[in-house]
Every structure is written in structure tokens, then in C-alpha cells.
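Peer 1: Sequence plus predicted model, see below.
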Amino acid sequence: MTIHPLEFLVFFLGVSATTGRPFSPPLSYRTTTRLHPLKTERSEILEGRCHKCKKWVPVESIKDCAVKVKELFWWKHAATCHQGSQVPGDDDFYEQDDISCCLEELGL
Ligand SMILES: [Zn+2]
């Protein structure tokens, strides 16, 4: 499978392809109890509040397995929803060290 460098950035580093900047994180988090989860699914799921669409977005897989990059689900939402929109004052850029660390964790 080949992956476009921009997709790589979006999905693995959480950097918006529109702005080249990291996505704004959720405004807040909550844990929701899922009704009737399957055996392999979580009974609770962590959700994050989106500053753009004001929705609660699941930030982890409903499958009960470890995800290496937890923010992946948030970034997927942010990539389609935020469109370059940032929380005002959110100017934190990733440090080079953070990215190296992330790549290491992904085994790249
Ligand atoms: Zn949104």
C-alpha cells in the first residue's frame, strides 16, 4: 500500500494539509457509556468536543484494542471538518522531538 505524503502527515502526525499546522485538539473530553456493546467492543468510549461543528466525536476505536496513536480518530475528523479552522490562540506547533517520537512509536 502506498500512502501520499500529505495523507501521512494528516493521519499520522495530525497536521492539517490545508494549513500545514497541527489540528486544534478537542475543547473538552467526555466518556460515554455505549449501550449493548459487542464482546469485542468497548463499553465506554472517549469523545472529544469539536470547536468547529460542536459535535462530540469519538476519539478512540469502538473495538477494544490498543491504538498506538490515540489522536488518530480525532485527526480524521479534524481533517474533514476543521478545514484550517483553529481555536483562537492555539498556536502550539509540534516540536521536532514530538514528531521524531511519533515516528519512532509507529516503527518508521
Ligand atoms: Zn467537527
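Peer 2: Cool, the structure landed.
Peer 1: Look at Q86 and give its secondary structure.
Peer 2: The local conformation at Q86, judged by DSSP: H, G, I helix; E, B strand; the rest coil, is coil.
Peer 1: Now the closest residue in space to it that isn't next to it in sequence: which helix or strand?
Peer 2: If the residues on either side of it in the chain are set aside, Q86 comes closest to S24, at 5.0 Å by C-beta to C-beta, 6 or more residues apart in numbering. Any C-beta I mention is one placed from the backbone N, CA and C, and that applies to glycine too. Element membership of S24, judged by DSSP states H and E, is empty: it is in no helix or strand.
Peer 1: May I have the residues that are in contact with S24?
Peer 2: Neighbour list for S24: 51, 78, 82, 85-87, 90 [criterion: C-beta atoms under 8 Å, 6 or more residues apart in numbering].
Peer 1: By neighbour count, which of those residues wins?
Peer 2: Using other C-beta atoms under 10 Å as the neighbour criterion, A78 leads the contacts of S24 with 25 neighbours.
Peer 1: Contact partners for that residue?
Peer 2: With contacts defined as C-beta under 8 Å, 6+ apart, A78 is in contact with 14, 16, 23-24, 50.
Peer 1: and these, which are buried?
Peer 2: The neighbour-count criterion (16 or more other C-beta atoms under 10 Å) marks 14, 16, 23-24, 50 among those as buried.
Peer 1: So which bits of the chain are right by the ion?
Peer 2: By the criterion of C-beta under 5 Å from the ion, the positions of the chain lying close to the ion are 50, 52-53, 81.
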